[in-house]
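Asker: Here you go, sequence then predicted model.
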Amino acid sequence: MTQTVEKALDLWGMNGAKWRLIAARENRVFRADHGGKSFAFRLHRAGYRTNAELVSELEWMGAVADGGLHVPAPIRSTSGDYLHVVDDVQIDVLTWLSGAPIGKTGEPLQTADRDDLFFRLGREMARLHKLSDDWTPPNNFTRCHWDRKGLVGDSPLWGRFWENPTLTSEDRELFMRIRDHANAQLEEAEASLDFGLIHADLVRENVMADGDKLQFIDFDDAGFGFRIFDLATTLIKNMREPDYPQLRDALIKGYRSHRPIDTDMLDLFILLRALTYVGWITTRMDEDGSAIRNQRFVTTARELANETLISN
C-alpha cells in the first residue's frame, strides 16, 4: 500500500509529502500534508463504484462546494483529472476538513444545544438539495438511484433485506409483507415526492462540526433519491434519544427554513431506511461487531414494520 500511496502523491504533484492512514472503513483514507495544506487521499474499495460513478460524485461535490456548502472539494491531479487508477486501486484527492463528527452511532448524543444542532443540520441538508437542483449535471453523469426499485425492487441497492440469513421465518414473512406494502405506497405517491440528488448517508459520523460550521463528508452512497430519505437517514440513528420528538421537529423546521418538503411519508421512509441496513449487513457478517449490529438492525426494522402494519 505504501508504494501505491507514493505513486498517487506523485500524480498530484505532492512527491515527498508527509502522509498517514486516517480511516480504514469502506475506503482507506490517508491524510497528506503538502505546501502548508492538508489533503484527503481516498483509496476506494474494489468493485463498489465504476470510474464514471466516482468522477460524477466528484463533479457534484465540486459544484455544491462552489455553491458555498461545506463539503470536501475535489482536487485535480497534475494531468487535470479527478480520478486515477494506481495498482488497480481507484484514487482521488479532496480538500481536508477540520473539525470532528457530531457523534457516534450507538452512543448517546453529546452536545449542549441539541435542538439548534438539528435545526442547522436540517438547514444544511436543504441547502444541499437546493444547490443540487440549481446545478446542471454533465451528460455523462451517473450515480445510483434510491428510488422505488432501489429500495423495494427485486434487487435493492443494499441487498435483498428479506433474505438476510439470520431472519426467523416470522421476520422473513413480516419483511416480505412490509415490502409489498411499501411498494404499493410508493407507487401511488412517488410522482409527487421531491426527488433529486441526495447524500443518502447523513449519519452522525458523516456530519463534521467545526465551531458553528457543519460539514458533510462521505458521499460514497450519494445518488438520485427521494429527498425525504435524507431526513429519514439522520432520524433513524437518533430514535433512541430521550428527546427524539424535539430533535425530529428541529430537523424538519431547519429544513423548511430553506426549502419546503412534504413529510407525510416520513415514518415510511424511516422504516425503509431500517430495512436497507438489514440488507447491507448481509455481506458483512464476517466483520468484527457485525453480529451485534445485525441484531440491532433486525430488531429496529421489526419494530417499525409492526408499527406500520398496525397503524394501517
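Answerer: Perfect, I can see it now. Numbering: from 1, shown residues only.

Asker: contacting residues around A100?
Answerer: Contacts here follow Cβ atoms under 8 Å, 6 or more residues apart in numbering; on that basis A100 touches M208, A209, D210. Placement of C-beta: from N, CA and C, glycine included.

Asker: low-confidence ranges in the chain?
Answerer: Residues of the chain meeting the criterion pLDDT under 70: 1.

Asker: So for it, the centremost residue is which one?
Answerer: D201 (1.8 Å; Cα atoms, centre = their mean).

Asker: ok, now how distant is that residue from W158?
Answerer: D201 sits at a distance of 11 Å from W158 (criterion: Cβ to Cβ, to the nearest Å).

Asker: returning to what we had before: am I right that the residue nearest to the centre of the chain is in a strand?
Answerer: No: D201 is assigned coil when assessed by DSSP: H, G, I helix; E, B strand; the rest coil, not a strand.

Asker: pretty sure it contacts I217?
Answerer: No: counting by Cβ atoms under 8 Å, I217 is not a contact partner of D201; they are 9.6 Å apart.

Asker: I'd like the distance between I236 and L309.
Answerer: 18 Å.

Asker: picking that back up, selecting buried members of the contacts of A100 in ChimeraX, what would you type?
Answerer: Those of the contacts of A100 that count as buried under 16 or more other Cβ atoms under 10 Å are selected in ChimeraX with:
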select :208,209
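
Asker: Just give me the closest of the contacts of A100 to S257.
Answerer: Taking Cβ to Cβ as the measure, S257 lies nearest A209 of the contacts of A100, at 18.8 Å.

Asker: so that closest one sits in a strand?
Answerer: Yes: under three-state DSSP, A209 sits within a strand.

Asker: quick one on the thing from earlier: I236 and L309: which has the busier surroundings?
Answerer: It is I236, of I236 and L309, that has more neighbours when counted by other Cβ atoms under 10 Å, with 22 against 12.

Asker: Flag every buried residue along whichever strand or helix holds D10.
Answerer: For D10, the element it lies in under DSSP states H and E is helix 2-11. Residues of helix 2-11 classed as buried: T4, V5, A8, L9, L11 (neighbour count, 16+ other Cβ under 10 Å).

Asker: cool, and stretch 9-26?
Answerer: L9, L11, W12, M14, A17, W19.

Asker: I'd like to know how many residues surround K130.
Answerer: K130, neighbours per other Cβ under 10 Å, totals 16.

Asker: Could you export stretch 95-115 as CSV, CA atoms only?
Answerer: C-alpha atoms of stretch 95-115 as CSV (Å, rounded to 0.1, in the frame of the first residue of the first chain):
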residue,chain,number,x,y,z
THR,A,95,-9.6,19.1,0.4
TRP,A,96,-9.1,18.3,4.1
LEU,A,97,-11.8,19.4,6.5
SER,A,98,-11.0,20.2,10.1
GLY,A,99,-13.4,19.5,13.0
ALA,A,100,-14.9,16.4,14.4
PRO,A,101,-18.0,14.2,13.9
ILE,A,102,-21.1,15.4,15.8
GLY,A,103,-21.4,12.0,17.4
LYS,A,104,-21.0,8.2,17.1
THR,A,105,-23.8,5.8,16.1
GLY,A,106,-25.0,3.7,19.1
GLU,A,107,-23.8,6.1,21.7
PRO,A,108,-25.8,8.9,23.5
LEU,A,109,-25.6,12.2,21.6
GLN,A,110,-23.3,14.6,23.5
THR,A,111,-24.0,18.2,22.6
ALA,A,112,-25.1,21.2,24.6
ASP,A,113,-27.8,22.7,22.3
ARG,A,114,-29.3,19.7,20.6
ASP,A,115,-32.3,21.4,19.0
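
Asker: Isn't H145 up against D221?
Answerer: No: H145 is not in contact with D221 according to Cβ under 8 Å; the separation is 11.4 Å.

Asker: all helices for the stretch 201-312 of the chain, in order.
Answerer: In the stretch 201-312 of the chain, the helices defined using DSSP state H, counting those that start in this stretch lie at 227-236, 244-256, 266-280, 290-311.
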